[in-house]
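K.L.:
3D model of this:
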Amino acid sequence: MPVIRPYSRKVKPPIKLLCNLQNYLKNLEAWLVRWKIKLNVDKTVAILFNKKNDDWPKVKINATPIEWKKEVKYLGVVLDKQLNFRAHISLIKEKYNKAFRARYSLICRNSSLNFSNKVLIYLAYLRPILAYASPIWACTAKSNLRSIQVLENKTPRMIANARWYHRNIDIRNALNVPSLQQFIQKLAKNFYGKLPDINNPELANIPVYDHNDQQNRKRPRMTLSL
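P.N.:
Numbering: from 1, shown residues only. Alright, predicted model coming up:
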């Protein structure tokens, strides 16, 4: 169970954040006792999103110190302390390659399936692996996005039985399949467009910023400007 500190409008010193986090954990302990829920403390870790490598004091749950981690996996997304998402990109590529090999016989050049079924396998089974939670992590470095795009390009090329001189954009137009970048942008617009309609005080406290400003290029809404 990762302990993740939410965003705040006011930037606070890490020590102040740790005090607030410890106070929150005390309330959590009382809530767990009230609802008779037993927490596995041995599987609980904490992460502080900070670029410094300082040795912070450990917070405690049920008098047990919680280990600080440089990265945690939460809802299928690997969150690293600097939020560059390199570890998550590596996980995505590993999952995609595994799924690609599992469906290779169906979408390979020699497969007897028609183009429509091959494209359906790609859209329904393979592409979601690459785009999962992308409105959050697609603000990563362009080199990371490029590595995913290069990995993904081979699937439409295989489906279309394309030759080396066929351009990727022409292949996608022929298959009527948008690029991964366009698909991620569409997901991001839907995701961030629905946030104001969600009745959640923590979401309401997230600072509003201009995603077109280059100073915000490493923040999640930058996905809208890919």
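K.L.:
Now that Leu187 has come up, it's in contact with Ser134, right?
P.N.:
Yes: judged on CB atoms under 8 Å, Leu187 makes contact with Ser134 at a distance of 5.7 Å. Quick note: C-beta positions are derived from backbone N, CA and C, even for glycine.
K.L.:
Which helix or which strand is home to Gln149?
P.N.:
Using DSSP states H and E, Gln149 maps to helix 142-159.
K.L.:
and that helix, which residues are buried?
P.N.:
Asn144, Leu145, Ser147, Ile148, Leu151, Glu152, Asn153, Thr155, Pro156, Arg157, Met158, Ile159 (16 or more other CB atoms under 10 Å).
K.L.:
Show me the strands in this structure, by range?
P.N.:
Using DSSP state E, the strands of the chain run over 2-4, 45-47, 60-61, 64-65, 67-68, 71-74, 77-80.
K.L.:
Switch those strands over to JSON lines, and while doing so, append distance to Gly193 to every line.
P.N.:
Conversion of the strands of the chain to JSON lines gives the following (distance: least, CB to CB, whole Å):
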{"stretch": "strand 2-4", "distance to Gly193": "24"}
{"stretch": "strand 45-47", "distance to Gly193": "29"}
{"stretch": "strand 60-61", "distance to Gly193": "37"}
{"stretch": "strand 64-65", "distance to Gly193": "42"}
{"stretch": "strand 67-68", "distance to Gly193": "35"}
{"stretch": "strand 71-74", "distance to Gly193": "23"}
{"stretch": "strand 77-80", "distance to Gly193": "21"}
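K.L.:
just so I know, which of those lies nearest Lys194?
P.N.:
strand 77-80 (18.6 Å; CB to CB).
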